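Asker: my questions concern the predicted model and sequence given below.
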Amino acid sequence: MFPRNARFVSTSTSTLKVTAQKASPTAAHAPLSALPTRVLLRSFLVATISSKPLLLRTSLWALSILSKPNRGFLLGVDRNPILHGILKKTFYEQFCAGENGAEAKATIQELKDMGFRGVIMTYAKETVFDHGTNTEQGLGISESESQEGYCANIEAWRKGTLETVEQLGNSDYLAVKLTGAGPSVTEAFASNSVPPKQFLEALEEVSNRCKERGVRIIVDAESQHFQWGILRVTLDLMRKYNCDGYALVYNTYQAYLKSTSETLAKHLAASQQEGFTLGVKLVRGAYMASDKRSLIYDTKEDTDNAYNSIAQGALKQTIGDFGTKTSFPSVNLFLATHNKESVMNAHHLHKQRTAAGLPTVPVGFAQLHGMSDEVSFSLLALKDSSGTPEVYKCSTWGTMGECLAYLLRRAIENRDAVLRTTDEYNALKAEVRRRLGAAFSVSSR
């Protein structure tokens, strides 16, 4: 995605106003036409549920119950074949890549066949900390821990993560959830201390394998209870692997956190002083249901403003004092959001600055697998001869039980984004009607 010698200089303090431009009539006519009919119909079903408050509340209630640990046969999604089958053909296949390597590879190829530059793939194991109950829950993580200095959870995480890497090509990204390595690691993160040696060696093995295969690494944001320890490990990875003029390793910054601007400023300073490229994946945030509410902006407007300020500041190479009072460090940017206005404005800003010969940073775009396809395909319709914008889909793989926390977050995200889910529903409904109309038109000839 990014040239290996990509380094960038600072820009002036002048601003550039950007407005989302319309795609050509042909490209904009039916952006969802690239969706296979099977995927379209499943997306329409899920969007119908997500856009209807009563149906969505019922789905959230069911998923929250199913995601509790130690479910019996009746509610055990990996044990009850009927429940497993229903969930797999609806929510699971909508948002997840597969329960094994073969299924995941098939999904990756299908997404690339639709025109996406690549995928961002995650191995689903993780630990979620709920500040409301002061408890943590490990998804797909064994309760048995260490024996004579050996941790089975870290080894399982290592194997699963390396298996994920082998599914990916050199246009893809590996997204890692570090808490999937189990309690000995999450305890270190929570206390902001050094994780076990076995884990650090596993992480280095994963990083080296990604470098060999040309796969970049995104360290996912997780529960704030663990996040400061995760940031510490991620910066150490950047110092080691991001010294060739491009970012092999990215950190994820959540714009809905009040602390994100200050955190980013510290990381920009470290990048500038120590000479490594800062990999910035910017998201709005996904842990509102479990993190302390006081850490998060009070309104959606505040979050939107924070997101757009960071995204456009990075593209103009002016964030705080960086790019004005001091030079702007080497940055690679990845914008992961379902907000169409944000991504379109960012793309056109990048395009305008590039055309005008103004300094900017490399940028990629991503939306979650199964969500905001209208945004994704609208971006794809703008692709030019240089291959930009580069658009990706973020997905996750693992057993149904391992993916339940992920599915629950997707449902909560749809609940909180009422306008977006309504827009998605309307766009999908219009595409279904378009195809039905085309089919009847052909059959009547």
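Answerer: Perfect, I can see it now. Everything numeric in this text was worked out from a predicted model, so none of it was measured.

Asker: every contact and neighbour count from this point should use C-alpha atoms.
Answerer: Noted.

Asker: just the helices from the stretch 201-350 of the chain, written as ranges.
Answerer: Listed in chain order, the helices of the stretch 201-350 of the chain (DSSP state H, counting those that start in this stretch) span 224-241, 260-274, 300-316, 340-355.

Asker: now the ones you listed in CSV, with mean pLDDT, mean neighbour count and distance to residue 80?
Answerer: Listed next are the helices of the stretch 201-350 of the chain as CSV, based on pLDDT from 0 to 100; neighbours: other CA atoms under 10 Å; distance: least, CA to CA, whole Å:
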stretch, mean pLDDT, mean neighbour count, distance to residue 80
helix 224-241, 97, 19, 33
helix 260-274, 97, 16, 42
helix 300-316, 97, 19, 39
helix 340-355, 96, 18, 39
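
Asker: now the helix or strand where residue 439 lies and helix 340-355, what's the angle there?
Answerer: Assigned by DSSP states H and E, residue 439 falls within helix 418-443. With axes from the mean of the first three to the mean of the last three CA atoms, to 10 degrees defining the directions, helix 418-443 sits at 80 degrees from helix 340-355.

Asker: which one, of the helices of the stretch 201-350 of the chain, ends up nearest to residue 332?
Answerer: With CA to CA, the closest approach to residue 332 among those belongs to helix 300-316: 8.9 Å.

Asker: surely residue 78 is within a helix?
Answerer: No. Residue 78 sits outside any helix when classified using DSSP: H, G, I helix; E, B strand; the rest coil, being coil.

Asker: contact partners for it?
Answerer: By CA atoms under 8 Å, 6 or more residues apart in numbering, the contact set of residue 78 is 84, 399-401.

Asker: do residue 128 as well
Answerer: So residue 128 contacts 136-138, 222-223, 290 (CA under 8 Å, 6+ apart).

Asker: mark which of those are buried, thanks.
Answerer: The neighbour count (16 or more other CA atoms under 10 Å) marks 136-138, 222-223, 290 as buried among the contacts of residue 128.

Asker: could I get those residues as a markdown table with distance to residue 181?
Answerer: What follows is the buried ones among the contacts of residue 128, written out as a markdown table (distance: CA to CA, whole Å):
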| residue | distance to residue 181 |
| --- | --- |
| 136 | 14 |
| 137 | 13 |
| 138 | 9 |
| 222 | 13 |
| 223 | 14 |
| 290 | 20 |
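
Asker: report the two of the residues you listed separated the most.
Answerer: Pairwise distances across the buried ones among the contacts of residue 128 peak at 13.9 Å for 138 and 290 (criterion: CA to CA).

Asker: quick revisit: and which of the contacts of residue 78 is nearest to residue 228?
Answerer: Using CA to CA, residue 401 is the member of the contacts of residue 78 that lies nearest residue 228, at 27.2 Å.

Asker: can you give me the buried ones in the helix holding residue 439?
Answerer: For helix 418-443, using 16+ other CA under 10 Å, the buried residues are 420-422, 424-429, 431-432.
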